[in-house]
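**Student:** The following block contains a protein sequence and its predicted model.
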Amino acid sequence: MARTRLWKALVPAAAVALSLAACGGESGGQGSGGQAGSEAKGGGDKKEFRVAIVRWDAGDIFFNGVQAGELQQIEKIEKENGVTITHKVVAANDASAQLNGLRSLMAQGVDGVSLVPWRGESMVATLRQLHERKVPVVVHNLTVPGAEYPFVAFDNVEAGRLAGEAMLEQIEEARGADWADKGGVILLLRGDVTASFDKDRFTGYSEAFKEVTESSPNVKVIERANLGYQGEKARKAVDDLITRYGEDNVLGIGSVDGTMAVGGAIGALKTAGATVKEGEENRVPVTSIDCSKPELDSIAKGELAHCSEQPAIAEGELVQNLLFDMMSKGSLEPSEEAQEIEGWDGAPWAPVEALDREGIGGTWYKTKAFAVPGDEPVDSKFHWSNNPGIKGG
């Protein structure tokens, strides 16, 4: 992604999001952008578009990065095409609040929807309704089962595999080549086992550990699930592990996100007297996925061993590029050239691959996962979280 500026409207947009999510409302009989079943209002002479951005809570640092990318791309599209794109945001970590906010905007009329569902299954009927009304939608980050719309996400399985492989390398470096014979426990921290990205990341970790666990019965992989991506809950899970097995028997900890790793696991290990510092004997490597600013800072301090980067700003740019292509052409499928983003030459998440994906009917536009510090150093220009305008917890 080209490192472009964060649109000043990000914070006001988030404030609008909360009020929209709370306002509720039904979709009514009017179609979004016209009567139900009408053709999408696209075409070369249309100059004004209304976009709904439905996402997770406004305090979520990753999705603030995604929204930053969306707004940057909207501004770029407006300048290059002489159009006006009005956006309204629904931000909530609650399926009902997301649905109510989206239905309210549908009743007002929308030409396109960018959707990160809190619960994919809760959006099935509404997306079917939007599809019948020929309203373009781009789903991203989490799938909606059976959705006949394009889906944007990086390779979560690969992200988990990269994190798992990095952990194993660090364990061997800290404990010697015969570490598996001696045995111990590896803990995997999960936030929500129903979320598609959580499932995929866990699958990637499991694939990385498969050879070791099959050949070394003394190595045990333990899963702690449904921790809500919360640091406090992750810390308790690690405390419980240490109480049961002892700090000396904890080999490594993998998290499917950054908050549970940096805000939970590392602190618990340090309090128990275990070492997480790079280069120290018997280090307990902690790995994560997303590469938020706290994760990069922790790597720089020599504590977090690895993060697999999910390119937040790039995700937002790609989503809005696909969405505008569909809106402007009156189509429910983007054209091939819409996946090409100016300024992405040499970016570690590029090129985009258009693939089939099990469980959805639309095309999966897949960006690449990459390792930090393995593929990119902490100070790389490609890190989305090094943008100083992105805030969140």
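**Tutor:** Noted; the coordinates are in hand.
**Student:** what's the span of stretch 122-141, first residue to last?
**Tutor:** Start-to-end span of stretch 122-141 (Cα to Cα, to the nearest Å) is 15 Å.
**Student:** Tell me where the stretch 251-393 of the chain has strands.
**Tutor:** Applying DSSP state E, counting those that start in this stretch to the stretch 251-393 of the chain gives strands spanning 286-290, 306-309, 353-355, 364-367, 370-372.
**Student:** Wasn't residue 114 part of a strand?
**Tutor:** Yes - the assignment for residue 114 (DSSP: H, G, I helix; E, B strand; the rest coil) places it in a strand.
**Student:** who does it bridge with?
**Tutor:** For residue 114, the beta-bridge partners under DSSP bridges are residue 53, residue 138.
**Student:** got it, and residue 354?
**Tutor:** Counting by DSSP bridges, residue 354 forms beta bridges with residue 365.
**Student:** what pLDDT does it get?
**Tutor:** Looking at residue 354, its pLDDT reads 97.
**Student:** got the contact list for it?
**Tutor:** 336, 339, 363-366 (Cβ atoms under 8 Å, 6 or more residues apart in numbering). Bear in mind the C-beta positions are built from the backbone N, C-alpha and C, glycine included.
**Student:** Isn't residue 109 up against residue 50?
**Tutor:** Yes - the criterion here is Cβ atoms under 8 Å, and residue 109 meets it with residue 50 at 6.2 Å.
**Student:** Who has more neighbours out of these two?
**Tutor:** residue 50 (20 against 15; other Cβ atoms under 10 Å).
**Student:** Would you agree that one falls within a helix?
**Tutor:** No - counting by three-state DSSP, residue 50 falls outside a helix, being strand.
**Student:** ok, residue 160 touching residue 209?
**Tutor:** No - counting by Cβ under 8 Å, residue 160 sits too far from residue 209 to count as a contact (10.0 Å).
**Student:** These two: who's more crowded?
**Tutor:** Neighbours were counted for residue 160 and for residue 209 using other Cβ under 10 Å; residue 160 has more, 29 against 21.
**Student:** Next up, identify which helix or strand that one is on.
**Tutor:** helix 156-175 (DSSP states H and E).
**Student:** what's near enough to touch the residue nearest to residue 283 when sequence neighbours are not counted?
**Tutor:** Nearest residue to residue 283 in three dimensions, chain neighbours excluded: residue 174, at 4.1 Å (Cβ to Cβ, 6 or more residues apart in numbering). Shown in contact with residue 174 (Cβ under 8 Å, 6+ apart): 280-285.
**Student:** show me the contacts for the residue nearest the centre of the chain.
**Tutor:** In the chain, the residue lying closest to the centroid (Cα atoms, centre = their mean) is residue 141, at 5.0 Å. Going by Cβ under 8 Å, 6+ apart, residue 141 touches 63, 66, 116, 152-153, 197, 315.
**Student:** CSV please, covering those residues and showing secondary structure, neighbour count and pLDDT.
**Tutor:** Formatted as CSV, those follow (DSSP: H, G, I helix; E, B strand; the rest coil; neighbours: other Cβ atoms under 10 Å; pLDDT from 0 to 100):
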residue, secondary structure, neighbour count, pLDDT
63, helix, 25, 96
66, helix, 29, 97
116, coil, 25, 98
152, strand, 27, 98
153, strand, 22, 98
197, helix, 23, 96
315, helix, 28, 98
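**Student:** so what's residue 289 up against?
**Tutor:** Shown in contact with residue 289 (Cβ under 8 Å, 6+ apart): 156, 159-160, 163, 201, 255-258, 307-308, 310, 369.
**Student:** from the contacts of residue 174, which is closest to residue 250?
**Tutor:** residue 284 (5.4 Å; Cβ to Cβ).
**Student:** Now do the closest one against residue 58, distance only.
**Tutor:** Using Cβ to Cβ, to the nearest Å, one obtains 34 Å as the distance from residue 284 to residue 58.
**Student:** same question, residue 358
**Tutor:** Using Cβ to Cβ, one obtains 32 Å as the distance from residue 358 to residue 58.
**Student:** Neighbour count: the two, which is higher?
**Tutor:** Counted by other Cβ under 10 Å, residue 358 and residue 58 do not tie: residue 58 has more neighbours, with 23 against 6.
**Student:** mind pulling up the phi and psi values for the more buried one?
**Tutor:** Backbone torsions of residue 58, given as degrees, to the nearest 10, read phi -70, psi -10.
**Student:** I'd like the distance between it and residue 251.
**Tutor:** Residue 58 sits 38 Å away from residue 251, going by Cβ to Cβ.
**Student:** try residue 112
**Tutor:** Residue 112 is 47 Å from residue 251, by Cβ to Cβ.
**Student:** Could you do residue 284 as well?
**Tutor:** As for residue 284, its distance to residue 251 is 7 Å (criterion: Cβ to Cβ).
**Student:** try residue 167
**Tutor:** 8 Å.
**Student:** who touches both of these two?
**Tutor:** Here residue 167 and residue 251 have residue 186 as joint contacts, going by Cβ under 8 Å, 6+ apart.
**Student:** Okay, residue 212 and residue 219: tell me how far apart.
**Tutor:** Per Cβ to Cβ, residue 212 is found 6 Å from residue 219.
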